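Engineer: here is a sequence with its predicted model. Questions after.
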Amino acid sequence: MIGVIADDFTGGTDVAVAFRRAGLRVLIQFGTQDAVQAGDGADVVVVALKTRTLPVDQAVAQSLQAARGLLAAGARQLFFKFCSTFDSTPAGNIGPVCDALADLAGSDFAVVVPSSPAHGRTQYNGHLFVNNQLLSDSPMRHHPLTPMTDSRVPVLLRTQTARTVSLVTLQEVHTGPDSLEENFTGLCAAGTAYAVVDAVDAGDLAIIGRAILDHPFVSGAAGLAAGLATAVAERETPASSPATPADEAGNDGPAIALAGSCSARTLQQISAMQAGGHPSYQLDAVAVPDSRLLAEAALAWYERQPAGLTPLIYSSLPPEKLRESQSLLGVAESAQILETAMGLIARGLVRRGVRRVVVAGGETSGSVVTALEVSGGLIGPEAAPGVPWIFPSGKDPIALLLKSGNFGDIDFLTRAVSPGTALAPIA
Ligand SMILES: Nc1ncnc2c1ncn2[C@@H]1O[C@H](COP(=O)(O)OP(=O)(O)OP(=O)(O)O)[C@@H](O)[C@H]1O
Ligand SMILES: O=C(O)[C@@H](O)C(=O)CO
C-alpha cells in the first residue's frame, strides 16, 4: 500500500483521484485520527491534513502522526503531496515536512516533483510554470498566505531545508527509467538528499514513476501520483479492483447542491442551476445573523419543495455585495455564521433522506464534512479533473462531492446533481 500525506483537503482528493484513474483502489481519511483505516485491500490510503500554512512545528507533528499511522497500517512507501504551485514560505512547510518524513521512512534520498500537467503546472530547468506562465508571474504571486515570487523550485526548497538539493533536468528524464534510476543512485551517493525533477507531460511523469517505484519516500503533486500509479499498475495487479457500482449502491438517491464559495466560477454555476429550473434558496446572514435560525428556515423551505427537481441552497454573493455583508457583520463572523449554518443544513438534509451532497467551496466543504461526521471514505469516479465523488465509510450511505471554488465548468453543479452521476463519470 502507498501511504499519502496531503497538506490540504482538496489536495488530498486531487492526489487520490490521480491514483484511482490508473485503476487503483483508494481510500481517503480527513485529518489524523487514532489509527489509519486501510480497509480491505486498499492500494493507496490518503490522509488529508490542513497543514499547508500551519506553524512549522505543528505541520511536522501532524504529518509525522499521519505517516506513523500509515506505516502501522502497512504502507510500503510514503508520498508527501504538496501543492502543484509549491505553496510555501521560506520557513516551510514543504522542506521541514519532507525532512521529517524522509527520516521516518529511513530514506536518505527523495524526489521532489511539483509538475502536474493536468492542472497546467509544468517544470523545465527547475522553473515552475502555471499555464505556460512562470509561477512568479502568475496570480500566485499575490496569494495572501503563500505568495510565490520565485519560480525556481530548487532555490525555493533550499531556503526550507539544510539538506543538499539538486536538479534533474528534462533531458536526463528522457534517458528513460533505468538510467534515471542510476542517476538517482549516483546523486544519493554524492550526498544529494532531494532531487527536484523536471517534467512537462504525462510521459515524463510515467518515466519518473517507474524510476521511484521502490523508493521509501517520495514527494510531489498529483502529476507524480499519476506517473507512479501508471508504474504500479504496470508492475502489480492492483490489490483490489477500483470501486464498482456495487460498492456504491445506495448512493444514487436525492441530491442537494450547497454553495458557500463566492468565486466567479461558482456564481456562474449557481446561475446555470437557476436557469435550468432548479429551486434555489439564499441564506442571508445580514437579515438573520444566527446559524441555527438560518438552518431551520432553509430546511423548512426544503420540505416545501416539489419532488423531482434538485434544489440549491447557497450563500454566495458577487464581490460588491459580499463586501457589504462582510462590513456589516465582519469577515470572520459572517463566514462563521454561514459555514456553521451549511453544516447544520447538510446534517438536516441527510436526516431527511438526501443521499448525494454536492458542496462548492473549500472552507464550506470542511464544515459540511465535519457536521456530517465524515472521517473518510472510498474515492469514486471523477466529476471534473481533480474532483472525485467520495463514498464515506460512516453510517449514512451518502456520496459527497467537494468542489474547490474555481473548479468545474459552468454546468458542473447542474450535471453533478443529475440522477445517476455518482455512479458514472460526468461527461
Ligand atoms: N454571503 C456571504 N457573506 C459573507 N461570507 C460568505 C458569504 N457567503 C459565503 N461566505 C464565506 O466565504 C467563504 C468562502 O470560502 P470557501 O473556501 O467555501 O470558498 P472558496 O474560497 O471559493 O473555495 P476554495 O477554497 O475551494 O477555492 C466561506 O467562509 C463562506 O462561509
Ligand atoms: O496541487 C494542486 O494544485 C492541488 O491539489 C492543491 O493542492 C489545491 O490546494
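Structural biologist: Now that the structure is in, tell me what you want to look at. Numbers count the residues shown, from 1 in each chain. Ligands and ions are numbered 1, 2, ... in the order given.

Engineer: drop to CA atoms for contacts and neighbour counts, all remaining ones
Structural biologist: Will do.

Engineer: what's the residue in the stretch 1-150 of the chain that ligand 1 sits nearest to sitting at in phi/psi?
Structural biologist: Of all residues in the stretch 1-150 of the chain, the one sitting closest to ligand 1 is residue 10 (7.3 Å; C-alpha to the nearest ligand atom). Here is the backbone geometry of residue 10 (degrees, to the nearest 10): phi -70, psi -30.

Engineer: just checking, it touches residue 404?
Structural biologist: Yes. With contact defined as C-alpha atoms under 8 Å, residue 10 reaches residue 404; the gap is 6.8 Å.

Engineer: please enumerate the helices of the stretch 251-400 of the chain.
Structural biologist: With helices called from DSSP state H, counting those that start in this stretch, the stretch 251-400 of the chain shows them at 264-275, 291-303, 319-329, 331-351, 362-371.

Engineer: follow-up on the earlier one: now do the shared contacts for residue 10 and residue 404.
Structural biologist: residue 362 (C-alpha atoms under 8 Å, 6 or more residues apart in numbering).

Engineer: the helices of the stretch 251-400 of the chain: which one's closest to residue 197?
Structural biologist: Residue 197 lies closest to helix 362-371 among those, at 29.5 Å (C-alpha to C-alpha).

Engineer: is ligand 2 within reach of the closest one?
Structural biologist: No. Taking C-alpha under 6 Å from any ligand atom as the criterion, helix 362-371 and ligand 2 are apart, separated by no less than 8.9 Å.

Engineer: repeat for stretch 13-20
Structural biologist: Yes. Using C-alpha under 6 Å from any ligand atom, stretch 13-20 comes into contact with ligand 2 via residue 14.

Engineer: and that stretch, what's buried?
Structural biologist: Buried positions in stretch 13-20, judged by neighbour count with 16 or more other C-alpha atoms under 10 Å: 13-20.

Engineer: also stretch 99-108?
Structural biologist: 99-102, 104-105, 108.

Engineer: can you add mean pLDDT and mean neighbour count and give the helices of the stretch 251-400 of the chain back as TSV?
Structural biologist: Below are these laid out as TSV (pLDDT from 0 to 100; neighbours: other C-alpha atoms under 10 Å):
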stretch	mean pLDDT	mean neighbour count
helix 264-275	94	19
helix 291-303	98	17
helix 319-329	91	14
helix 331-351	95	20
helix 362-371	87	21
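
Engineer: any chance of the ones you listed in JSON lines with distance to residue 210 as columns?
Structural biologist: Listed next are those as JSON lines, based on distance: least, C-alpha to C-alpha, whole Å:
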{"stretch": "helix 264-275", "distance to residue 210": "37"}
{"stretch": "helix 291-303", "distance to residue 210": "51"}
{"stretch": "helix 319-329", "distance to residue 210": "46"}
{"stretch": "helix 331-351", "distance to residue 210": "43"}
{"stretch": "helix 362-371", "distance to residue 210": "33"}
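
Engineer: just list the residues touching the residue of the stretch 1-150 of the chain closest to ligand 1, thanks.
Structural biologist: Contacts of residue 10 by C-alpha under 8 Å, 6+ apart are 362, 402-404.

Engineer: ok, so of those, who is nearest residue 201?
Structural biologist: Closest to residue 201, out of all of the contacts of residue 10 and judged by C-alpha to C-alpha, is residue 404, at 23.7 Å.

Engineer: the closest one contacts residue 363, correct?
Structural biologist: No. Contact criterion C-alpha under 8 Å: residue 404 and residue 363 do not qualify, at 9.0 Å.

Engineer: for residue 409, give me the pLDDT.
Structural biologist: Residue 409 is assigned 90 on the pLDDT scale.

Engineer: ok, residue 138 next?
Structural biologist: Looking at residue 138, the pLDDT reads 87.
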